[in-house]
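**Student:** Quick one, structure for this:
(one chain, ligands or ions: 1)
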Amino acid sequence: MKAIDQSIQGFRETFRRDLVWPFLAPEKITNVDVSNQMILYVEGLNLSFDGFKALNDLNLYIKDGELRCLIGANGAGKTTLMDVITGKTTPDSGSVFFGQTHNLLSKDEADIAQLGIGRKFQKPTVFEEQTVFDNLELSLKTDKRVIQTLFSRLSPTEMDRIDEVLNIIGLKEQCFMKAGALSHGQKQWLEIGMLLVSDPRLLLIDEPVAGMTAQETERTAELLTSLAGERTVIVVEHDMEFVRSIARTVTVLHQGSVLAEGSMDQIQSNQDVIQVYLGEDAMEAEL
Ligand SMILES: Nc1ncnc2c1ncn2[C@@H]1O[C@H](COP(=O)(O)OP(=O)(O)OP(=O)(O)O)[C@@H](O)[C@H]1O
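**Tutor:** From the prediction side, this is the model:
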């Protein structure tokens, strides 16, 4: 039986265009130099909007493979920081490096995505009229690699990738269901899957559990923790219970700077955090 399986497998591989002609295989994501164990270096970032400092000498270092949570009150600068990392906004000064060599501030949004940095916004933006599978396929197609411009059909490697992603996000059974019929949580997972098909190294995820049921929140915690390690995940979240359940290290932003960093326990006993969130500034700052 094993021999038959092996010969079927061999037969299938003979007909894989991307194995027969290696130039058809998906392009490997650019090498990221993480020899110092760090994947993201944000240094001295400043950005003002009409004189208001949204980012104020912000420094942030993210280790390769870690799952980092970013918290902070409304207006602390979390979204602006994500916008700068992904090339949506240009800072006034500072530097952002992906690994030791990729200067993100010299690249545009498309180049940054191509380097392997994926971003998920708070609201799911799946194509409701398309099936789960089609949504994943469409995400592959928007990945402008040579193979997609040459062939409109999915290669077996891409089929395998979609299958793998369906397993990771737990939507295999819903594969041929219209995305519009999914629950809110399932739509969020689908959107995470839409990022995963192109195999990103760094995922930036904005408020993944807003509006989810307790069960969906728990499943999302499992999903995000399972992604870390092989990938690096940065999560912006207001739900402190969720942050506690997933994060090893939490970074607190306040008025465009890092106020504190550490485990959830260290953060909650940090005097600066207490001062801002429980003290005199508490009126304007609610985590
Ligand atoms: N394009 C812009 N023009 C002017 N001000 C802006 C712009 N973008 C952000 N800001 C301001 O910069 C500050 C930081 O906003 P940002 O959205 O980064 O905060 P946040 O921490 O993500 O908050 P929230 O939790 O509410 O999403 C806010 O005071 C915001 O009003």
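**Student:** Run the chain-centre distance for stretch 51-58.
**Tutor:** Centre-to-centre, stretch 51-58 and its host chain are 24 Å apart (Cα atoms, centre = their mean, to the nearest Å).
**Student:** what about the residue nearest to residue 93 when sequence neighbours are not counted, helix or strand, and which?
**Tutor:** By the measure of Cβ to Cβ, 6 or more residues apart in numbering, the closest residue to residue 93 outside its immediate chain neighbours is residue 46, 4.8 Å from it. For the C-beta atoms, the positions are set from N, CA and C on the backbone; glycine is no exception. Using DSSP states H and E, the element containing residue 46 is strand 38-49.
**Student:** does residue 175 sit in a helix, a strand or a coil?
**Tutor:** The local conformation at residue 175, judged by DSSP: H, G, I helix; E, B strand; the rest coil, is coil.
**Student:** Let the chain start at 24 from now.
**Tutor:** Let's use 24 as the start, then, which means that last one is residue 198.
**Student:** Show me what the strand holding residue 69 is packed against.
**Tutor:** Judged by 3 or more Cβ pairs under 8 Å, 6 or more residues apart in numbering; DSSP states H and E, the packing partners of strand 61-72 are strand 75-86, helix 101-108, strand 116-121, strand 255-259.
**Student:** cutoff 10 Å now
**Tutor:** Here strand 61-72 touches strand 75-86, helix 101-108, strand 116-121, strand 225-229, strand 255-259, strand 280-285, going by 3 or more Cβ pairs under 10 Å, 6 or more residues apart in numbering; DSSP states H and E.
**Student:** quick one: buried residues of that strand?
**Tutor:** Of all the residues in strand 61-72, those buried under the rule 16 or more other Cβ atoms under 10 Å are 61-65, 68-70.
**Student:** Stretch 269-289: end-to-end distance?
**Tutor:** Taking Cα to Cα, to the nearest Å, stretch 269-289 runs 15 Å from one end to the other.
**Student:** With stretch 259-275 instead?
**Tutor:** End-to-end for stretch 259-275, by Cα to Cα: 10 Å.
**Student:** can you tell me if that stretch touches the ligand.
**Tutor:** No - against the ligand, stretch 259-275 shows no contacts by Cβ under 6 Å from any ligand atom, the least distance being 6.8 Å.
**Student:** and residue 114, what is it in contact with?
**Tutor:** 65, 67-71, 77-78, 81, 103-104, 106-107, 128 (Cβ atoms under 10 Å, 6 or more residues apart in numbering).
**Student:** Quick check: the nearest residue in space to residue 248 that is not next to it in sequence vs the ligand, distance?
**Tutor:** The shortest distance from residue 248 to any non-neighbouring residue, by Cβ to Cβ, 6+ apart, is to residue 269 (5.6 Å). Separation of residue 269 from the ligand (Cβ to the nearest ligand atom, to the nearest Å): 18 Å.
**Student:** Count residues in the vicinity of residue 269, would you?
**Tutor:** By the measure other Cβ atoms under 10 Å, the count of residues near residue 269 is 23.
**Student:** So it sits against residue 242, correct?
**Tutor:** No - in this structure, residue 269 is not within contact of residue 242 by Cβ atoms under 10 Å, at 11.9 Å.
**Student:** Nearest the geometric middle of this structure, what residue?
**Tutor:** residue 226 (1.8 Å; Cα atoms, centre = their mean).
**Student:** quick revisit: tell me the neighbouring strands of the strand holding residue 69, and mark each as parallel or antiparallel.
**Tutor:** Using DSSP bridges, the strands paired with strand 61-72 are strand 75-86 (antiparallel), strand 116-121 (antiparallel).
**Student:** residues in contact with the next helix or strand after the shortest one?
**Tutor:** Same thing as strand 116-121. Once the chain leaves strand 116-121, the next helix or strand it forms, by DSSP H and E, is strand 125-126. Strand 125-126 has contacts (Cβ under 10 Å, 6+ apart) with 53-56, 64, 118-120, 134-135, 138-140.
**Student:** Mind checking which of these are buried?
**Tutor:** So, of the contacts of strand 125-126, 55, 64, 119-120, 135, 138-140 end up buried under the neighbour-count rule (16+ other Cβ under 10 Å).
**Student:** okay if I get the residues you listed as a markdown table plus distance to residue 234 and pLDDT?
**Tutor:** Formatted as a markdown table, the buried ones among the contacts of strand 125-126 follow (distance: Cβ to Cβ, whole Å; pLDDT from 0 to 100):
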| residue | distance to residue 234 | pLDDT |
| --- | --- | --- |
| 55 | 33 | 89 |
| 64 | 33 | 97 |
| 119 | 30 | 98 |
| 120 | 34 | 97 |
| 135 | 28 | 95 |
| 138 | 31 | 94 |
| 139 | 28 | 94 |
| 140 | 25 | 96 |
